[in-house]
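Asks: show me the folded form of this:
(2 chains)
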2 protein chains.
Amino acid sequence: MEKSNIPLGTIEIYGTEARNRNFVYERLKEVYETFGYEPLQTPTFEFKEVFTGHHGEGENLLFHLQDANKQDLVLRYDMTVPFARFATEHPELKRPIKRYQMQLAYRDDNIDKGHLREFMQCDGDIIGSQSLYYDADVINLAVCGLKKLGFKDFIIRINHRKIIKGIAEELGYMGKKGLLKIQRALDCADKFGKSEASVEDFTKKLKERKFTDFEIERINKVVFKRYDLQRPQELFETLYHNPSVKEGIKELQEILSYLPEEITRYCELDLTLARGADYYTGFILEGILPQSNVGAILGGGRYDNLVKDLGGTDVGCVGMAFGLDRIWVAMQDMGLYPPRTDPKILIFTPDKVDKSIFELANHLRSHSVNTDICCEFKEYSEVEAYARSRDFTGIIWDKKYHSLVEWDEHKKFILSLIK
Amino acid sequence: MEKSNIPLGTIEIYGTEARNRNFVYERLKEVYETFGYEPLQTPTFEFKEVFTGHHGEGENLLFHLQDANKQDLVLRYDMTVPFARFATEHPELKRPIKRYQMQLAYRDDNIDKGHLREFMQCDGDIIGSQSLYYDADVINLAVCGLKKLGFKDFIIRINHRKIIKGIAEELGYMGKKGLLKIQRALDCADKFGKSEASVEDFTKKLKERKFTDFEIERINKVVFKRYDLQRPQELFETLYHNPSVKEGIKELQEILSYLPEEITRYCELDLTLARGADYYTGFILEGILPQSNVGAILGGGRYDNLVKDLGGTDVGCVGMAFGLDRIWVAMQDMGLYPPRTDPKILIFTPDKVDKSIFELANHLRSHSVNTDICCEFKEYSEVEAYARSRDFTGIIWDKKYHSLVEWDEHKKFILSLIK
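Replies: Next comes the predicted model:
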């Protein structure tokens, strides 16, 4: 399809592509519902203050607007902050609150990086509990969600902000500022896997961020190692003596201990994982497809203080988001959409349309057969070309059925309806 | 539920309300699909120029923003203009193009009138044909859509811009400007029905618009009459001699002649109907619920020149939109949502969570049973209060099932899954 004249970093979706996208949307909605999440929809624009102070460097990416009353507004940057606001404003809802939210988010980002400026986030979060079994159920959701979509080969990378804090401390970067420095350094590169290309790319980014060669060597030595959470002594050698690292590992072990092997087999401890948002405080996760270059297709973690920061009283928040746009593209690339099996019929008459045509159309429609009426053309060949271009599966001309696909079952069904 | 601190004219939707709203959305999507429409999604913001020059006074309601590249953008005011742009930019798609689009629209309106500033429009339009049987199928769609949602008592008001043009001419208001004056006068009042209150309200609005008493009397005499399209001689007395009126009536007669009685029985010619947008050129329609005060729940008509005005070559466009927000409220008021029948189970353990709890939860989930895990509370009474507040239908405590609703079928089903 030709390119539309629409703003940079936005997309326009038509026909089969839109139906495929809806397939992803519906499957994820089903998964959230079966996991007991409640649906929430928040406005596209919020008061500017709501989104201030939570996204670090991301705050530069807010879209600003002003309404007729000179009220400063911003487009929804993510779903996490509106949910935290919602929870704070609704003390009458019993805790923990579990909600999912599948809406568009807006970031005025540099589209050279391949980022969209308008994209669909599918968030599920639990507010009001510090119990780690909710962290486990978030990992569970990630794995079940990707399976439900038809993915077989994927990795759930996990890490813990306390481990990153420990790495920062070991390098001499102390306190919140030190954590942020290492966190953003880790986050700046796409490091999917432990390949040499990943290490090189990462090294380059660290240099840009003014880390010394000595520091870079130490960081690389730690983060690019393969770790097994069942044997933390391997981590011990370099990091386990650090109290923050120790705590992070203990939490990750507890979280994974709740899950059956059919879930944990997809999980990998990956110390290069940092996640961008400042607000995470505990475990973090990200989902990737080794056979695709779309990047992370889900991400999240624990962020215990965000609601308090927004003026609320809730402690304990954990959640994750599926990135629908990337999943949609990856599934297209990997051929994961189910083949079409629904009939779509074009009723054509070369003469004048009359009531009987509409009666037939409505009869087919009432049996869930997608049906359109047409008398625009003169020749059958023109009608057929039009019907094929719009993916019709059959034409009814003068009450006779012309099948455009080899679906015997449907042919019988349509014939039974029109006789 | 308490009110959230969100911008004026926006809404926040949670839990059952969101599921009901989704019910409306899904039903309308089904109707569009069975009528052979293709799905389209366009960006939330467009270049400012796209929305300039098509909405008359409505243009003052555009939300403006500017991105980091100083590009002037506006939020999507409606779906019609983006579709016209899309069609123009995609000459490779065979005509006529039939598309539906169900997305949010944004208007910086005076919320005193009860208008939302962010609302869901569900549009279906056909571009590239002047055949009136498409107009008939739009009326057909309106009736079938409302029936599908469960409405039994509704009116599809129809009128024709050429009839309004004739009325303007008869009052001495000639040309495009004259048409606009009468059109906007008709559009300024909510005139559902021919009650005295409607006439009074309308008279007041006409006075505000500087019409003379003589003109107001003549307008009221014409537009508040009950007309029967089968007997246009009644119209003849006052208007039928006007060529524009004659043409409009002939077109409406042809459109309705295509439709079976089970559709036309819902239609009423209503000369007080005008529709706000400037771009309509032919028949116009609006759907109302006599038993509800939500206002028009659908609207549309033929707008043959819009694509040409946007620089395209297509002639002939017709379509309509369901107003999802009003339908959602009306269905709530009228109790039209189906009662809940899906089980939702809370697995509770007062002890430590372990793998077996997650295995049971995933087992239930794999059978489409909405399931959550909880060990936040100490007493069964606390668990039950939490479960009831979140509409759970049952609790599994220590592998024993406690039903919270009187659904014998589901009890059997759940017991069969957990034994």
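Asks: now the helices for the stretch 101-250 of chain A?
Replies: Here the stretch 101-250 of chain A has its helices, by DSSP state H, counting those that start in this stretch, at A:132-149, A:161-170, A:175-187, A:196-208, A:213-223, A:233-235, A:243-257.
Asks: list the contacts of the residue nearest the centre of chain A.
Replies: Against the mean C-alpha coordinate of chain A, by C-alpha atoms, centre = their mean, the closest residue is residue A:323 at 1.6 Å. Going by C-beta atoms under 8 Å, 6 or more residues apart in numbering or on different chains, residue A:323 touches A:119-122, A:296-299. For glycine as for every other residue, the C-beta is placed from the backbone atoms N, C-alpha and C.
Asks: swap in 6 Å and give it another go.
Replies: Residue A:323 makes contact with residue A:297, according to C-beta atoms under 6 Å, 6 or more residues apart in numbering or on different chains.
Asks: who is it paired with across the strands?
Replies: For residue A:323, the beta-bridge partners under DSSP bridges are residue A:121.
Asks: grab the nearest non-local neighbour of residue A:136.
Replies: Among residues not flanking residue A:136 along the chain, residue A:258 sits closest, at 3.9 Å (C-beta to C-beta, 6 or more residues apart in numbering or on different chains).
Asks: who touches that neighbour in this structure?
Replies: Taking C-beta under 6 Å, 6+ apart as the test, what residue A:258 contacts is A:133, A:136, B:353, B:358.
Asks: could you find the closest non-adjacent residue to the residue of chain A most remote from its centre?
Replies: For chain A, the residue at maximal distance from the C-alpha centroid (C-alpha atoms, centre = their mean) is residue A:351, at 50.4 Å. Of all residues not flanking residue A:351 in the chain, residue A:375 sits nearest, at 7.5 Å (C-beta to C-beta, 6+ apart).
Asks: how many other residues sit next to the one you found?
Replies: 17 (other C-beta atoms under 10 Å in any protein chain shown).
Asks: try residue A:213
Replies: A count of nearby residues for residue A:213, using other C-beta under 10 Å, gives 10.
Asks: quick one: it from residue A:204, how far?
Replies: 12 Å (C-beta to C-beta, to the nearest Å).
Asks: report the contact partners of residue A:89.
Replies: Applying C-beta under 6 Å, 6+ apart to residue A:89 gives the contacts residue B:4.
Asks: quick revisit: tell me the pLDDT at the residue nearest to the centre of chain A?
Replies: With respect to pLDDT, residue A:323 scores 95.
Asks: try residue A:190
Replies: pLDDT recorded at residue A:190 is 69.
Asks: quick one: mean pLDDT over stretch A:266-282.
Replies: Mean predicted confidence for stretch A:266-282 is 90.
Asks: hmm, who's touching that stretch?
Replies: With C-beta under 6 Å, 6+ apart, stretch A:266-282 has contacts from A:54, A:56, A:143, A:155-159, A:161, A:183, A:186-187, A:191, A:223, A:227, A:229, A:284, A:286, A:301-304, A:306.
Asks: which among those residues count as buried?
Replies: With neighbours counted by 16 or more other C-beta atoms under 10 Å in any protein chain shown, these contain buried members at A:54, A:143, A:155-159, A:161, A:183, A:186-187, A:191, A:223, A:227, A:229, A:284, A:286, A:301-304, A:306.
Asks: returning to what we had before: which of the helices of the stretch 101-250 of chain A has the lowest mean pLDDT?
Replies: helix A:233-235 - the lowest mean pLDDT of the helices of the stretch 101-250 of chain A, at a mean of 71.
Asks: tell me which residues in it are buried?
Replies: For helix A:233-235, by 16+ other C-beta under 10 Å, it's residue A:235.
Asks: hmm, who's touching that helix?
Replies: Residues from elsewhere that reach helix A:233-235 (C-beta under 6 Å, 6+ apart): residue A:227.
Asks: likewise stretch A:327-340?
Replies: Counting by C-beta under 6 Å, 6+ apart, A:20-21, A:24, A:150, A:289, A:292, A:294, A:297 sit against stretch A:327-340.
Asks: quick one: which of the contacts of stretch A:266-282 sit in strands?
Replies: Among these, DSSP state E puts A:155-159, A:284, A:286, A:301-302 in strands.
Asks: re the thing from before, how about a markdown table for the contacts of residue A:258, with neighbour count added?
Replies: What follows is the contacts of residue A:258, written out as a markdown table (neighbours: other C-beta atoms under 10 Å in any protein chain shown):
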| residue | neighbour count |
| --- | --- |
| A:133 | 24 |
| A:136 | 25 |
| B:353 | 21 |
| B:358 | 20 |
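Asks: and those, which is closest to residue B:380?
Replies: Using C-beta to C-beta, residue B:353 comes nearest to residue B:380 of those, at 17.1 Å.
Asks: what about the closest one, distance to chain A?
Replies: When distance is defined by C-beta to the nearest C-beta, to the nearest Å, residue B:353 is 4 Å away from chain A.
Asks: up against chain B, what does the stretch 301-419 of chain A have?
Replies: Contact residues, the stretch 301-419 of chain A versus chain B (C-beta under 6 Å from any C-beta of the partner chain): A:353, A:355, A:358-359, A:365, A:370-372, A:376, A:386, A:389.
Asks: if we go to 8 Å?
Replies: A:344, A:346, A:353-355, A:357-359, A:361-362, A:365, A:368-376, A:385-386, A:389-390 (C-beta under 8 Å from any C-beta of the partner chain).
Asks: tell me which helix or strand of chain A sits lowest on mean pLDDT?
Replies: helix A:233-235 (a mean of 71; mean pLDDT, DSSP states H and E).
Asks: right, and chain B sits closest to which residue of the stretch 251-400 of chain A?
Replies: Nearest residue of the stretch 251-400 of chain A to chain B: residue A:372, at 3.0 Å (C-beta to the nearest C-beta).
Asks: am I right that that residue is in a helix?
Replies: No. Assessed with DSSP: H, G, I helix; E, B strand; the rest coil, residue A:372 is strand; it does not lie in a helix.
Asks: spit out the contact partners of the closest residue to it other than its chain neighbours.
Replies: Excluding the flanking residues, the one nearest residue A:372 by C-beta to C-beta, 6+ apart is residue B:36, at 3.0 Å. Contacts for residue B:36 (C-beta under 8 Å, 6+ apart) come out as A:344, A:346, A:370-372, A:390, B:98.
Asks: read off the pLDDT value for residue B:36.
Replies: On the pLDDT scale, residue B:36 gets 97.
Asks: got the end-to-end distance for stretch A:365-377?
Replies: 23 Å (C-alpha to C-alpha, to the nearest Å).
Asks: stretch A:64-80 now?
Replies: End to end - C-alpha to C-alpha - stretch A:64-80 spans 19 Å.
Asks: do I have it right that residue A:65 meets residue A:75?
Replies: Yes. Here residue A:65 reaches residue A:75: they are 7.3 Å apart, a contact under C-beta atoms under 8 Å.
Asks: mind listing the shared neighbours of these two?
Replies: Jointly contacting residue A:65 and residue A:75 under the rule C-beta under 8 Å, 6+ apart are A:45, B:65.
Asks: more neighbours, the two?
Replies: Per other C-beta under 10 Å, whichever of residue A:65 and residue A:75 has more neighbours is residue A:75, with 24 against 21.
Asks: enumerate every residue touching that one.
Replies: The neighbours of residue A:75, taking C-beta under 8 Å, 6+ apart as the test, are A:44-45, A:62-63, A:65, A:106, B:44, B:65.
Asks: tell me the one of those residues nearest residue B:15?
Replies: residue A:44 (20.2 Å).
Asks: next, count neighbours for that closest one.
Replies: 22.
Asks: doesn't residue B:103 make contact with it?
Replies: No. Residue A:44 is beyond contact range of residue B:103, at 10.4 Å (criterion: C-beta under 8 Å).
Asks: shared neighbours of the two, anything?
Replies: With C-beta under 8 Å, 6+ apart as the test, residue A:44 and residue B:103 both reach residue B:44.
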